[in-house]
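K.L.:
The following block contains a protein sequence and its predicted model.
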Amino acid sequence: MGLVRSRFVAAVAVVAALGGGASAPSPAVAGVAAPPPVYPAVGPTTHILDHSALLGPVAEPAWYEANIPFVDLPDKDIQATYYYRWQTYKEALKYTGPEDGWIVSEFLGPVGYSAPYGGIDAAAAHHIYEGRWLRDPRYVDDYLDYWLSGSGAGAKPATDGLNDNTTDWAHQYSFWAADAAVARAEVSGDWRFLVDRLPELQRQYQGWKTTNFDASPGLYWQTPVWDAMELTASSYQSSDPYHGGDGYRPTINAYQYGDARALALLLRKAGEPAAAARYDREATVLRANVEKYLWDPASSFYKHVMRDGNPSLAPVADREEIGFIPWYFHMAPAQDAAAWAQLTDPQGFAAPYGPTTTERRSPWFMHQALDGCCHWDGPSWPYATSQTLTALANELIDYPAQPYVDRDDFYSVLRGYALTQRKNGRPYVAEAHHPDEDRWIYDGRGHSEDYNHSTFNDIVLSGLLGIRPQPDDSVRISPLVPADWSHFAVENLAYHGHNLSVVWDRDGSAYGQGSGLRVWVDGKLRLRRATLAGVTVPVAGGPAGGAALPELVDDAANVTKTGYPAAVASYTWPGDAAVNAIDGQDFHLDVPTTRWTSYASPNASDWLEVDLGAATRVSDVRIDFYDDNGGVRTPSSFTLQAQGLDGTWQDVPGQHRDPAVPVGRAINRVVIDPPIVTDRLRVVASRDGGGAVGITALQLWRRPDPALTAGFAGLDGGVLDVDAGRTVTVTTTVTADRPRTAVQATLEVPRGWTARAVTPSTAARLTPGRPLRTTWKVSVPGDADLSASQPIRLLAQSGAGGDGTSSALVSAQYQFSPADFPTTAWDDDFTTDRTAQYRVDRPAGGEPAPAFSVADGALTAHSTARAFGVLAAPVTGSPAGTAIIVAPKQFAGSAPEDSLFIGQSAGNGDNALAWYNNHFATSGVDVQVGGAGRGDATGDCCTQVQWQPGDRFAVVVRWGQLTTWYEHAGSWRQIHTAPVGRAVDTATLASWAPAVGLRLDAGSLSLDRITVLTR
């Protein structure tokens, strides 16, 4: 792509100096639209509270000012917890990329059992309920789509560790998706968003019906661990205490009841009353069956009922906190209110840091709970506490009066919940708390900090302050505050596209707005009352979804921290990482870290670079500088630079900065006008007098053209198969959902590659149904390093580009084929016995080698106990690339070792070997040099794979990487990558012998063939 004429002549000159070409920065055409605001506009409202004083020293205070409702409460412990929990929610917001956008994480750091990008559906409904009060709708919009149709709805392995009863991530754990989505719409007023997603919401509901519904009792069942509740009181009464026995539980049945009611409401709004009536009937029948089987009249409580070995469907003896969940969904009838007596009973669930998850009178109360995480047989668990408090608010506000609990009980439990969320006197939430002592008992460093698996602010707003969202154009206000509270206030609450402020001031002295209850909508007083009795206030419908901002894409985000975009720095403190600055999260915690810093750097100034791999249009750069008020401080100044194709760095032209002087712990925005197209940017930051700097987030936000969709055609799995020294054909499409003129498509490729359009890449006019289809020839240089997949980016814009630039990415990567390795260095099909030509290495200390024999066209390893031997072929690898292909014949069936190893070896202590463990159906890589293990060169662990007779394994050693491949039904797929070049250089590794290892505990393990191919 050549340079485009610009009204900024000086900018053109600077960009030309950078080198020009496809990957060099180049200015866009004139007429770019004004950049969108960073935050949604608050709009007309009241100005009663001092927001800055209420927030305190949070990072990025402008985000809170634009998004959250501000509250002022007489109880400063609840108030402090409220603002702290908005901080934890913001920390949990993770931008994953253009496909899925924003998600809400449970753990700040990743865990191995999560869905793509760290999503876990166990607490997803909590996340939606809490996030429904944010003004910016994009976070929850994206998050709902992630679970309904995005990566969170994708296939997962049906394994014991990931729920072997379900096959998609959105059904890994119990999840009340439709109910939460409707609860969100009742705040935002955006019903169209959900009506458009009715098919996906119904599919989510039906998924549970397909896998977890028993028609005979008409109930849903669940395994406690997949309710996110392992090791419960009912679990201990099964044969599998960890998972728990399958049972008909108040949880899953109440969740499905709530979802059925929510779907009925949505279908009525969509004008489908017959379909709505069907869900209403299902809910009614389910409610009756829950009353019949799960309500225990002898103990006045909803209970777990074992599914198996329990023909009479008798409930367990123990009350568990899950028995309150039916009130969360208004499922419990009024006559069951006696259950609530257990909440305040000293032998029930009452505790100073409670409620407890199992009643105290149970023999399983706190059984082994202090032996280690995670037991839900007594500890105070925020996940369950938030469910119980929401249910209690419903009982007190929406049900008839009863003698068992009152608003003072609600306040007492809520206050205890707030005080639970402390550590060393400061707000803090982890996994589980001791019910009677002021300490967290499940709290792993680097794992549990600010653990986002519950609600609190939703309970304050909808329960304590009684802001009850409605499906029509009104809001109900029914506070549950203590009778002796003289005042409280909530301000700037985004509701149905408006701003809601509610003030209670008994004598008018607290806020100076007059005495009694007052309600404002958009800064205009709508209600004045002397008492706190419940009241409904009309709120006319506003803009759907509230203050809408345009869709934006951060082209620098790399939440997986692998491949591209990549980040490097001039210096990085060992406890940090350059890629942390582009990991999609922006927070300032020490543990876990999501920042780059130059702490202890010897340099006068330091830089952080983002390499996109393929160029994009850059116009909106946002930087959040880390400042710990200690060794890392806000820079005095910084420079934003782009790199030309000649390798030189130049200041980016056309910068407009806000603020003009760098600030720490807040967004520093650089608007580039005209925009540039570049693949590499860096921030060079320095402090007057020297000292370390840091960045928690470096973002490159791009606005797509809302009318244009860019894409690639004819690709298998979204991957382009490439190899060094070859030219491949790529077809791109640009479609329009409304007429567009002067449409242009540009294909941006990695540096050194070339892309040539062989069909037109421009269209004078594009209309719906007539796409711009372009064929490109992409040439890969012979010395290209394809150790990692390379991005190729299609950019599409129309007119003057003022409506934004749409983009699509494809991953260009090497796909193994034996034909790519034309030289056969060794081929042993075991028709003759050549074992004497192999060297036998023993990488595992004192483990003896098995006995090897050749017969009937197979090599067999025999052993009666643990044995491990590596057969090194009498050849060497090639620096240009080596492939070792192995065809197993049968595995031994022993445990835990029944393993095949493939790679290269130079003796007992020098080897790089991929392994496949048939017993565990997993694969990984081991690397050792000089007898020392090199975990940094293994690519971590592990990949699930299950060998079947006839399948083959291959290892390719090329570009300093060891990749493992698995062939099934004639098709090869990559299963693991290890950066072995970190441990041994390419030439040395090539001198090692291609090798095959066999490790087993007993029996016989056989191979059909070993083939070594080189380039």
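P.N.:
Great, that's in hand.

K.L.:
contacts and neighbour counts: CA atoms only from here.
P.N.:
Will do.

K.L.:
Let me know how buried A614 is, in neighbour terms.
P.N.:
For A614, the neighbour count with other Cα atoms under 10 Å is 24.

K.L.:
What is the one helix or strand it maps to packed up against?
P.N.:
Element membership of A614, judged by DSSP states H and E, is strand 605-625. Packed against strand 605-625 by the contact rule (3 or more Cα pairs under 8 Å, 6 or more residues apart in numbering; DSSP states H and E) you find strand 566-569, strand 667-686, strand 694-702, strand 740-748, strand 790-797.

K.L.:
the inter-axis angle of the longest one versus strand 694-702?
P.N.:
Using axes from the mean of the first three to the mean of the last three Cα atoms, to 10 degrees, the interaxial angle of strand 667-686 with respect to strand 694-702 works out to 130 degrees.

K.L.:
Tell me how far strand 667-686 lies from the chain's centre.
P.N.:
When C-alpha coordinates are averaged (Cα atoms, centre = their mean, to the nearest Å), strand 667-686 and its chain have centres 27 Å apart.

K.L.:
tilt between it and strand 790-797?
P.N.:
For the pair strand 667-686 and strand 790-797, the angle between their directions (the same axes, to 10 degrees) equals 130 degrees.

K.L.:
Who are the contact partners of A122?
P.N.:
Q172, Y173, S174, F175, D227, A228 (Cα atoms under 8 Å, 6 or more residues apart in numbering).

K.L.:
Pull out the buried members of those.
P.N.:
With neighbours counted using 16 or more other Cα atoms under 10 Å, the contacts of A122 contain these buried positions: Q172, Y173, S174, F175, D227, A228.

K.L.:
possible to save those as a markdown table with secondary structure?
P.N.:
Formatted as a markdown table, the entries for the buried ones among the contacts of A122 read as follows, by DSSP: H, G, I helix; E, B strand; the rest coil:
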| residue | secondary structure |
| --- | --- |
| Q172 | coil |
| Y173 | coil |
| S174 | coil |
| F175 | coil |
| D227 | helix |
| A228 | coil |
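
K.L.:
wait, D926 sits on W915?
P.N.:
Yes: counting by Cα atoms under 8 Å, D926 does reach W915; the two are 7.5 Å apart.

K.L.:
of all the contacts of A122, which comes closest to D785?
P.N.:
Within the contacts of A122, the smallest distance to D785 is 38.3 Å, found for Q172 (Cα to Cα).

K.L.:
Just give the nearest non-adjacent residue to R680, would you?
P.N.:
If you skip the residues right next to it in sequence, R680 has D611 as its closest partner in space, 4.7 Å away by Cα to Cα, 6 or more residues apart in numbering.

K.L.:
I figured that neighbour hits P565, correct?
P.N.:
Yes: shown here, D611 and P565 form a contact pair, counting by Cα under 8 Å, at 5.6 Å.

K.L.:
Show me which of these two is the more surrounded one.
P.N.:
Summary of the neighbour comparison: D611 and P565, criterion other Cα under 10 Å, with P565 having more neighbours (23 against 18).

K.L.:
distance of the nearest residue to that one once chain neighbours are set aside from K889?
P.N.:
Ranked by Cα to Cα, 6+ apart and with sequence neighbours excluded, the top spatial neighbour of P565 is L612, at 4.4 Å. Distance, L612 to K889, using Cα to Cα, to the nearest Å: 44 Å.

K.L.:
These two: which has the busier surroundings?
P.N.:
Taking other Cα under 10 Å, L612 and K889 do not tie; L612 has more neighbours (25 against 19).

K.L.:
dump the residue contacts of the more buried one.
P.N.:
By Cα under 8 Å, 6+ apart, the residues touching L612 are D555, A556, Y564, P565, A566, D679, R680.

K.L.:
what sits against the nearest residue to the fifth one once chain neighbours are set aside?
P.N.:
To tie it back to what came earlier, the one meant is A566. Nearest non-adjacent residue to A566, counting by Cα to Cα, 6+ apart: D611, 5.1 Å away. Each residue near D611 by Cα under 8 Å, 6+ apart is listed here: Y564, P565, A566, A567, D679, R680, L681.

K.L.:
same check, this time on P352
P.N.:
Residues touching P352, when contacts are defined by Cα under 8 Å, 6+ apart, comprise G416, P435, D436, E437.

K.L.:
Please repeat the previous calculation with a cut-off of 10 Å.
P.N.:
Applying Cα atoms under 10 Å, 6 or more residues apart in numbering, one finds that P352 lies in contact with 380, 412-413, 415-417, 419-420, 434-438.
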